[in-house]
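>>> please work out how this folds:
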Amino acid sequence: MKTDVEELSPTRVRLTVEVPFDELKSDLDHAYREFGRQVRIPGFRPGHVPRQILDQRIGRGAVLDHAINEAMPDLLAKAVREAQVVALGQPEVEITKRDDGTEIAFTAEVDVRPSFEIPDVDQLRVVVDDADVSPDQVEEYLRALRERFASLRSVDRPVQDGDYVSIDLAAQIDGEDVDDAQATGISYEVGSGTILDGLDQALIGMAAEATSTFASELAGGEQAGSLADVTVTVRSVKVKDLPDLDDDFAQSASEYNTVGELRSNTRKQMEAMRRVGQVGQARDRAIEALLDQIDMPLPESIVDHEIEHRHESLTIELDRAGLTMESFLASRDLTPADLDKEIADEVRRSVKARFILDKFADDEELEPEQDEIAQYVTQLAYQQGMSPDDLARQLASSGQLPAVISDLVRTKAADLLAHRVKVTDESGRNVDISARAPDAEDEDATQADEAAETADTADTADSGESAEQAAPESEQTGRGRRGRRAAK
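Below you'll find the predicted structure:
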C-alpha cells in the first residue's frame with residue numbers, strides 16, 4: 001500500500017492511498033461467504049453457492065463494494081500510521097479508483113493534531129499555595145464545627161440581625177393574592193438576603209406574632225419580576241447558641257478527649273488537605289504554564305463540535321434545574337454574546353490542553369496498564385451508580401472504551417508533568433510533589449477526609465433546634481462540597 005500526504009492546512013490533511021488488489025483478498029473472500037449465506041438459490045445450500053453464480057445474481061461490483069467497505073477501517077488506520085499523523089474524528093473518504101484485479105485507490109481528508117514541540121518541562125517552574133495552617137485558620141475551622149453543633153433558643157424580644165425566625169409570607173398584586181407566592185412556616189436567617197429584597201429590613205424590630213407589609217419584586221413563579229405587596233408574619237424568634245470549646249465538646253464532636261488534642265489534630269489534618277491540594281495545583285498550573293508557552297492552530301471542526309456540545313449540556317442542566325437561559329445570564333450579568341465568548345475561550349483552552357497532554361504522553365511513551373484501566377472504570381462506575389462489569393460492557397459495546405483510555409492516559413501525563421516541573425510554594429520553599437503521591441497522597445487524603453467528615457457526620461445537640469435545620473435550603477446545599485479539577 002502506498003500513502004501520500006497533502007497538507008491542506010496545519011490541522012487538516014488529504015491522504016491519497018493506493019492499495020494493491022492482493023491486499024483485499026481476505027476481505028473479498030469474507031464478502032463472498034457473507035453473500036453466500038444470505039442468498040437463496042435453488043440447487044445450492046446456503047454458504048455453498050459458487051462465486052460465478054453469485055457474480056451473476058448479485059453482481060461482482062456489489063461484492064467488491066462490500067469488501068472495500070469492510071477493509072476501509074484497517075486501510076485508513078494503516079494509511080494514518082504510514083503518514084505519521086494523529087487523526088482526529090472521522091475522515092471524509094472518496095474512492096477514486098476501483099480496478100478489479102489490479103488496485104483500488106481512495107482519498108481521505110481528516111483533521112489532525114497540529115505539530116508543535118513541548119518545552120523542557122524539567123525547567124518549568126510553578127508556584128503552589130503554602131501548606132502551612134495558621135492558628136487563626138484552625139480557630140476558624142473549630143468555630144465552623146461549633147456552628148454545626150449549635151442549637152437555636154427562643155427569645156422574647158424584637159427581631160435583630162442574625163436571628164433565626166419562623167415566618168409566613170403572602171404576596172398580593174393590585175389587591176389580588178398571588179397563588180404561588182404564599183408560604184407558611186419558613187425558617188429564615190435574618191440578614192442572609194436569600195428570599196426577597198426588603199424582607200430583612202421589614203423583619204428588624206418585629207416581635208413574635210407581629211405582621212408587616214413591604215413592597216418587593218417577586219423572584220419566582222408566574223409573576224416573577226412583578227412588584228407586589230408582601231405581608232410577613234413572624235411566628236417565632238430564635239438565637240443561635242454555640243457550644244463552649246471545651247473537652248466535653250471535643251469528645252462529642254470528634255474522636256479526641258481534650259480540646260488541645262482536637263486543636264492539634266485539626267491543624268495536622270488541615271495541613272494534610274493542603275499538601276494534597278498542592279499536587280492538584282502543581283498539575284493544573286503546569287498545564288496552564290504550557291498553555292501560555294505553546295502556540296498552535298486548532299482544528300475548527302473539533303472546536304465547533306465541542307462548543308455546540310457545551311451549549312447543549314448547559315441547556316440540559318438549566319432545564320433540569322428549572323431555570324431559563326435568560327435567568328442564568330441575568331444571574332451572572334452576561335449577555336448571550338458574553339456567554340458565547342466565554343464558552344469558546346474555555347473550549348479552545350480545553351482542546352489545546354488535550355493536545356498538549358496527548359503529545360506529552362506520546363513523547364514519554366505512556367501506556368495504561370490493565371489494572372489501571374480496571375481501576376479507572378471502577379471509579380467511573382462508582383460515580384455513575386453502576387457496577388464496573390456493566391459499565392465496562394456498555395463502554396465496549398458503544399465504542400467509548402478508547403475515549404476512556406485516552407482520558408486515563410491524559411491523567412497519567414498530567415501526573416507525570418506535575419512531578420517533572422520544579423514546584424515551590426508562595427513562601428519560596430521547594431515542594432517535593434513525589435513525597436505526596438501516590439502513597440503519601442492517599443494517606444493525606446484519608447486524614448483530610450476525616451477532618452471534613454468530623455463536621456459532616458456530627459449529630460445535632462440534644463437540646464433545641466439545630467442552626468443547620470433552620471438555615472435556608474440554598475445555604476445548606478452549598479456546604480461541605482469538595483472537588484478536584486482534572487485536565488481532560
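>>> which residue ranges of the stretch 51-200 of the chain form strands?
Using DSSP state E, counting those that start in this stretch, the strands assigned to the stretch 51-200 of the chain run over residues 87-99, 103-112, 125-128, 151-154, 164-173, 176-189.
>>> out of these, nearest to Arg410?
Minimum separation from Arg410 across the strands of the stretch 51-200 of the chain (CB to CB) falls at strand 87-99, 14.6 Å. Any C-beta I mention is one placed from the backbone N, CA and C, and that applies to glycine too.
>>> nearest to Asp27, out of the strands of the stretch 51-200 of the chain?
Nearest of those (CB to CB): strand 103-112, 10.8 Å.
>>> for the closest one, what is the average pLDDT?
Here strand 103-112 scores 94 as its mean pLDDT.
>>> may I have that strand exported as PDB, CA atoms only?
Extracted in PDB, the C-alpha atoms of strand 103-112 (Å, rounded to 0.1, in the frame of the first residue of the first chain):
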ATOM      1  CA  GLU A 103      -5.800  -2.000  -7.400                       C
ATOM      2  CA  ILE A 104      -8.100   0.400  -5.700                       C
ATOM      3  CA  ALA A 105      -7.300   4.000  -4.700                       C
ATOM      4  CA  PHE A 106      -9.000   6.500  -2.400                       C
ATOM      5  CA  THR A 107      -8.500   9.800  -0.800                       C
ATOM      6  CA  ALA A 108      -9.300  10.600   2.900                       C
ATOM      7  CA  GLU A 109      -9.500  14.100   4.300                       C
ATOM      8  CA  VAL A 110      -9.100  14.300   8.000                       C
ATOM      9  CA  ASP A 111      -8.400  16.700  10.800                       C
ATOM     10  CA  VAL A 112      -5.100  16.100  12.500                       C
END
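>>> list the buried residues for the lengthiest helix in the chain?
For the chain, the longest helix by residue count, based on DSSP state H, is helix 259-293. Residues 259, 262-263, 265-267, 269-287, 289-291 are the ones in helix 259-293 that count as buried (16 or more other CB atoms under 10 Å).
>>> by mean pLDDT, flag the weakest helix or strand of this structure.
Ranked by mean pLDDT, DSSP states H and E, the weakest helix or strand in the chain is helix 473-476, scoring a mean of 33.
>>> tell me the contacts of the residue lying closest to Gln223 once chain neighbours are set aside?
Nearest non-adjacent residue to Gln223, counting by CB to CB, 6 or more residues apart in numbering: Val178, 5.3 Å away. Shown in contact with Val178 (CB atoms under 8 Å, 6 or more residues apart in numbering): 171-172, 218, 221, 223, 228.
>>> for Val178, give its distance to Ile167.
Separation of Val178 from Ile167 (CB to CB, to the nearest Å) stands at 17 Å.
>>> on that earlier part again, quick check: mean pLDDT across the longest helix of the chain?
Mean predicted confidence for helix 259-293 is 94.
>>> kindly report the same for stretch 33-47.
74.
>>> which residues touch that stretch?
Outside stretch 33-47, the residues touching it (CB under 8 Å, 6+ apart) are 48-50, 53-54, 57-58, 62-63, 66.
>>> so what are the structural domains in the chain, by residue number?
Here the domain parsing of the chain from automatic domain parsing is 2-112, 151-241, 247-457.
>>> my read: Val110 touches Glu92, true?
Yes - contact criterion CB atoms under 8 Å: Val110 and Glu92 qualify, at 7.3 Å.
>>> ok, the two, which is more surrounded?
Val110 (24 against 11; other CB atoms under 10 Å).
>>> excluding sequence neighbours, find me the nearest residue to that one.
Nearest to Val110 is Pro91, by CB to CB, 6+ apart, at 3.7 Å.
>>> likewise Ala344?
Ile307 (5.7 Å).
>>> does that neighbour lie in a helix or a strand, and which?
Per DSSP states H and E: Ile307 is located in helix 300-320.
>>> so when I look at Val347, I'm seeing a strand, right?
No - counting by DSSP: H, G, I helix; E, B strand; the rest coil, Val347 is not found in a strand; it is helix.
>>> and stretch 128-140, average pLDDT?
Rounded mean pLDDT across stretch 128-140 is 94.
>>> again with stretch 159-179
In this model, stretch 159-179 has an average pLDDT of 94.
>>> cool, stretch 59-75 as well?
Across stretch 59-75, pLDDT averages out at 90.
>>> and it, how far out from the chain middle?
Chain-centre distance of stretch 59-75: 41 Å, with CA atoms, centre = their mean, to the nearest Å.
>>> same check on stretch 7-20?
Per CA atoms, centre = their mean, the centroid offset for stretch 7-20 relative to its chain is 35 Å.
>>> buried set for that stretch?
Here stretch 7-20 shows 11-17, 19 as buried, counting by 16+ other CB under 10 Å.
>>> nearest to Asp333, of those?
Distance to Asp333 across the buried residues of stretch 7-20 (CB to CB) is lowest for Thr11, with 35.0 Å.
>>> doesn't Lys352 make contact with the closest one?
No - if you go by CB under 8 Å, Thr11 and Lys352 don't touch, sitting 11.8 Å apart.
>>> tell me, what's touching the two both at once?
Listed as contacting both Thr11 and Lys352 by CB under 8 Å, 6+ apart are Leu298.
>>> any idea how many residues pack against the closest residue to Arg410 other than its chain neighbours?
Take Arg410 and drop its neighbours on the chain: the residue closest to it by CB to CB, 6+ apart is Leu357, 4.3 Å away. A total of 26 residues lie near Leu357 under the criterion other CB under 10 Å.
>>> quick check: Leu357 vs Ala374, distance?
From Leu357 across to Ala374, the span is 22 Å (CB to CB).
>>> ok, Arg113 next?
28 Å.
>>> neighbour count: these two, which is higher?
Using other CB under 10 Å as the criterion, Arg113 and Ala374 rank with Arg113 on top: 19 against 13.
>>> quick one, what contacts the residue lying closest to the more buried one once chain neighbours are set aside?
Distance criterion CB to CB, 6+ apart; nearest residue to Arg113, sequence neighbours excluded, is Val86 at 3.9 Å. Shown in contact with Val86 (CB under 8 Å, 6+ apart): 80, 112-113, 358.
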